[in-house]
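Peer 1: here is the input, now give the coordinates:
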Amino acid sequence: MRVAAIADSDTIIGLRLAGVKLSFPVETPEQAQEALSKVLQDQSVGLIILTEKIADKMRDAVTDVMSQRTVPIIVEIPDKHGAQPGRRDPLMDMIRRAVGIELKF
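Peer 2: Okay, the predicted model is just below:
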């Protein structure tokens, strides 16, 4: 299983240092959508890391992928500016749907 990242260039640098080799630095929603389409064609990718801001810019596409597929899993992370306030964690929503209960951490 490979990990792919679609994020701003600063976040990509950090993820590359952490070992994520398949990465797509993007600045616009169009670039992000193109990168997501490319990653979804690669059957070896099991996890896609997106920054929250980029995921928000292409929310419909992210929601479609998460509702129609079990693999790859999409995880949203904060960018260098930190987490967005008042944000609902999509990973927790996915766990709640799969397990049937809400976990609190």
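
Peer 1: just checking, what packs against the longest helix belonging to the chain?
Peer 2: The single longest helix within the chain, with elements called by DSSP state H, is helix 29-41. Using 3 or more Cβ pairs under 8 Å, 6 or more residues apart in numbering; DSSP states H and E as the contact test, the elements touching helix 29-41 are strand 2-7, strand 22-25, strand 45-51, helix 52-57, helix 59-68. Every C-beta, even on glycine, is put in place using the N, C-alpha and C of the backbone.

Peer 1: which one of the ones you listed lies nearest to residue 78?
Peer 2: Shortest separation from residue 78 across those is recorded for helix 52-57, at 5.8 Å, computed as Cβ to Cβ.

Peer 1: avg pLDDT for the closest one?
Peer 2: Here helix 52-57 scores 90 as its mean pLDDT.

Peer 1: need the pLDDT of residue 104.
Peer 2: For residue 104, the pLDDT comes out at 61.
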